[in-house]
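Engineer: take a look and give me a structure for this.
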Amino acid sequence: TPTPTPTPTPTYSYTPPAPAVDCDKIIKQIADAADGGTVAVDMNGTVNLPNKVINALKGRNVDLVLNMSDSIKWTINGRSITDAAGDINMGVLFGSGDIPANALNRLTGERYSVKLRLMHNGNFGFTAVLTASLRKQDAGLYANLFSFNKSTKLLGFAACAVIGANGEAAFEFTHASDYAVIIDDHSLDNPVINATACGSSVKLSWDAVPNAESYNVYIAKDGKWELMKTTGKTALAVKKLSNGMDHKFLVRADVGGKLSGIADSYKVSVKVYYKPAVKLTANEDSITIRWDKVPEAEKYRVYKCITGKLKLVGETTKRSVRIAGTKSGKEYSYAVKAYVNGEWTKVYKSDLVTVTAK
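Structural biologist: Below you'll find the model as predicted:
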């Protein structure tokens, strides 16, 4: 019979709780601080701010700085304290929280974001400024703070701060909750829409609207908004647009089955101009042909339409030519090509412009 192997005695590790801060010392420092002064406290791993420290600070124009770690600190001015009751948990957790992934992803898209949870439950009873280290590579960009409402499950814009050269950003808080910080090159309090024309197409892109499930994209036609597409994305390419025209677009967000009002929705106008749109003026014994500059065009060719065929009149780097020797009462049709990126733009029947000579 094999000798039984004794069960090893389990071992346990014990991590003692973080020592409480020295309240009496802090209270004395606050009492001795000059008006406009600062009292800095190393929290040494503890997150509890005792109520008697808060009461000692209340009403004083003194900043109490709580160094929670190398990357997180709180600043509380005594004049902001109103009705703080009991000890306050000043704990901060990055990358944690109850914000659903789909709600955050709809808002962030491809932008960098991080969840932020404040451990206290409810209002602080004072204003606390949280200074936190984000990414140094984002210095100069905007850190947009969104709060999460657990009852409605909705995200709402709360604040925006420019990230400093050291990667830090500071936000004011009056209550604890779950938050998200979204990095962008502008404040999301004033969301923007962009429209970029390329040839006969326009690429639309816009900031995500908090809690939006989809977007209705419209184009203006005959003074009315015509729905083009409903999309869950924050970008859309619109193709085959008429040349030489300003095209207007509207994007309405669907939040909880309700579309944003037209006045509160994204609007943008962009001119599509990828080949010359000709204008003719009849003068005595001549016709003047004009067109606007085509982006990236090196030169232009002017054509006259004779019995359905184009005949080259001339080539120029200017944006107008004068045709002399016209006969009064006779119709003349012209078109212009632009030389862009090594190619001449095409001319269709719709590009021809006709005028009657004087």
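
Engineer: next, count neighbours for residue 54.
Structural biologist: 21 (other Cβ atoms under 10 Å). The way it works is simple: take the backbone N, C-alpha and C, and place the C-beta from them, glycine included.

Engineer: so it sits against residue 88, correct?
Structural biologist: Yes: look at residue 54 against residue 88 with Cβ atoms under 8 Å: they come within range, at 6.9 Å.

Engineer: so what sits against both of those two?
Structural biologist: Taking Cβ atoms under 8 Å, 6 or more residues apart in numbering as the contact rule, residue 54 and residue 88 both touch residue 125.

Engineer: so which residues of the stretch 101-250 of the chain form strands?
Structural biologist: 113-133, 142-149, 154-162, 168-184, 193-198, 201-206, 214-221, 224-231, 235-238, 245-255 (DSSP state E, counting those that start in this stretch).

Engineer: next up, phi/psi of the residue lying closest to residue 135 once chain neighbours are set aside, please.
Structural biologist: Excluding the flanking residues, the one nearest residue 135 by Cβ to Cβ, 6 or more residues apart in numbering is residue 167, at 5.7 Å. Backbone geometry at residue 167, expressed as degrees, to the nearest 10, gives phi 90, psi 10.

Engineer: which other helices and strands contact the lowest-mean-pLDDT helix or strand in the chain?
Structural biologist: Every helix and strand in the chain was compared by mean pLDDT, DSSP states H and E; the lowest is helix 101-108, with a mean of 80. If you count contacts as 3 or more Cβ pairs under 8 Å, 6 or more residues apart in numbering; DSSP states H and E, helix 101-108 packs onto strand 113-133, strand 154-162, strand 168-184.

Engineer: if we use 7 Å, what do you get?
Structural biologist: strand 168-184 (3 or more Cβ pairs under 7 Å, 6 or more residues apart in numbering; DSSP states H and E).

Engineer: paired strands for the strand it packs on, with orientation please.
Structural biologist: strand 113-133 (antiparallel), strand 142-149 (antiparallel) (DSSP bridges).

Engineer: closest one to residue 98 among those?
Structural biologist: Judged by Cβ to Cβ, the one of the strands paired with strand 168-184 that comes nearest to residue 98 is strand 142-149, at 7.0 Å.
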